[in-house]
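S.K.: Any chance you can model this:
(one chain, ligands or ions: 1)
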Amino acid sequence: MIWRRVIRGLRRIEYYSASRPRTIWAKLDDAALIACLVLALVATWLTHRLIEQPVEPRRMSLVASQAGGGGVVVNEADSDVSPGAFLASIELRQPLSQSGWPAATAVHHTPAEQHIRYADRPFVDDLDDLPTDDPVRQAMTGIITKDDPRWLIAPGDGDATTMRPVGWVLNIGVWCIILLPTALLMLRAVRVGMFTVLYIDDRRRIKRSKENRCPTCGYPLHGLEFSERCPECGELAE
Ligand SMILES: [Zn+2]
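M.R.: Numbering: from 1, shown residues only. Purely as a prediction, here's the structure:
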């Protein structure tokens with residue numbers, strides 16, 4: 001049953017893809033296809049540039065501990081490993097925003113907010129406020145930048161934006177799906193409208209001819225059978 005339907009569908013595709021006479025309408029359809037592709041590209045680029053909305057921020061919790069050998073070990077807070085004595089905890093919260101519609105074409109990273117709580121020292125809001133030789137600072141910076149260097153980007157850093165190529169492809173596809181049927185429908189509406197106008201005009205000309213009137217302006221041509229042109233509008237008599 002399904003096979004039969006598939007074969008019928010394939011035959012239909014074959015029928016529609018068979019070479020047709022190249023009417024002006026077929027050419028317009030092809031032009032619409034290309035125009036829609038170009039417009040989809042433009043729309044994707046425009047939404048990439050114009051639409052930017054905040055998304056769920058990224059978070060990471062770390063714990064620094066004093067290891068047996070005297071070094072500092074940093075682990076994610078929820079990991080089961082807990083070597084040595086607690087030194088400090090660090091909470092990272094990174095506000096994120098994304099560009100594009102409907103899929104994200106780029107994700108923008110801002111510097112992560114840092115909250116460092118020491119066991120034996122005052123609360124610190126930025127790793128940079130600690131001395132550079134602070135072992136906790138060194139260990140934490142190491143693991144954060146190793147995990148993802150965008151955690152600690154400075155404002156104005158070039159790599160704060162991550163492009164999403166898949167989002168670009170998806171959005172171009174979505175715009176094509178929106179634009180193409182619209183364009184084809186509009187072309188058909190224009191086609192129907194033109195045929196209707198021509199048909200009505202044709203009927204009127206036939207009716208006027210039968211009534212021995214000028215087909216163009218409707219001027220009565222009684223007694224003017226041998227005249228070459230309509231005396232009213234100058235149209236050649238049929
Ligand atoms: Zn006339």
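S.K.: just checking, next helix/strand downstream of the helix or strand of the chain with the lowest mean pLDDT?
M.R.: Least confident helix or strand, the chain: helix 2-17 with a mean of 75, by mean pLDDT, DSSP states H and E. The helix or strand immediately downstream of helix 2-17 is helix 24-50, counting by DSSP states H and E.
S.K.: List the buried residues of that following helix.
M.R.: Of the residues in helix 24-50, 28, 32, 36, 39-40, 43-44, 47-48 count as buried by neighbour count, 16 or more other CB atoms under 10 Å. All C-beta atoms are positioned from the backbone trio N, CA, C, and that covers glycine.
S.K.: any idea which of these is closest to V197?
M.R.: Closest to V197 out of those is L28 (17.4 Å), distances taken as CB to CB.
S.K.: Could you measure from the closest one over to the ion?
M.R.: 34 Å (CB to the ion, to the nearest Å).
S.K.: And the buried residues of helix 24-50, which is closest to the ion?
M.R.: Comparing the buried residues of helix 24-50 against the ion with CB to the ion places L28 closest, at 33.8 Å.
S.K.: show me the contacts for the closest one.
M.R.: The contact partners of L28, taken as CB atoms under 8 Å, 6 or more residues apart in numbering, are L187.
S.K.: The residue nearest to T47 when sequence neighbours are not counted and V169, how far apart?
M.R.: Nearest residue to T47, sequence neighbours excluded (CB to CB, 6 or more residues apart in numbering): W101, at 4.3 Å. From W101 over to V169 the distance is 14 Å, taken as CB to CB, to the nearest Å.
S.K.: ok, now D201?
M.R.: The value you get for D201 to V169, if CB to CB is used, is 48 Å.
S.K.: give me the number of residues near the nearest residue to I153 once chain neighbours are set aside?
M.R.: Distance criterion CB to CB, 6+ apart; nearest residue to I153, sequence neighbours excluded, is A160 at 5.1 Å. Applying other CB atoms under 10 Å, we find 15 residues neighbouring A160.
S.K.: so who does A160 touch?
M.R.: A160 touches 108-110, 150, 153, counting by CB under 8 Å, 6+ apart.
S.K.: I'd like to know which of those are buried.
M.R.: By 16+ other CB under 10 Å, these give 108-109, 150, 153 as buried.
S.K.: how about the residues of the chain near the ion?
M.R.: For the chain, the residues in contact with the ion (CB under 5 Å from the ion) are 214, 216-217, 219, 230, 232-233, 235.
S.K.: got CSV for these, with pLDDT and secondary structure too?
M.R.: Converted to CSV, the residues of the chain next to the ion look like this (pLDDT from 0 to 100; DSSP: H, G, I helix; E, B strand; the rest coil):
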residue, pLDDT, secondary structure
C214, 90, coil
T216, 90, coil
C217, 91, coil
Y219, 90, coil
C230, 87, coil
E232, 87, coil
C233, 90, coil
E235, 80, coil
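S.K.: Considering those, which possesses the most neighbours?
M.R.: C214 (22 neighbours).
S.K.: Kindly confirm whether my reading is correct that it touches S227.
M.R.: No. At 10.1 Å, C214 does not count as touching S227 under the criterion of CB atoms under 8 Å.
S.K.: For the residue most central in space within the chain, pull up the helix or strand it's in.
M.R.: By CA atoms, centre = their mean, the mean C-alpha position of the chain lies nearest to N171, the distance being 2.9 Å. Assigned by DSSP H and E, N171 belongs to helix 165-210.
S.K.: Please spell out which residues along stretch 123-134 are buried.
M.R.: Those would be 124, 127, 130, 134, for stretch 123-134 by 16+ other CB under 10 Å.
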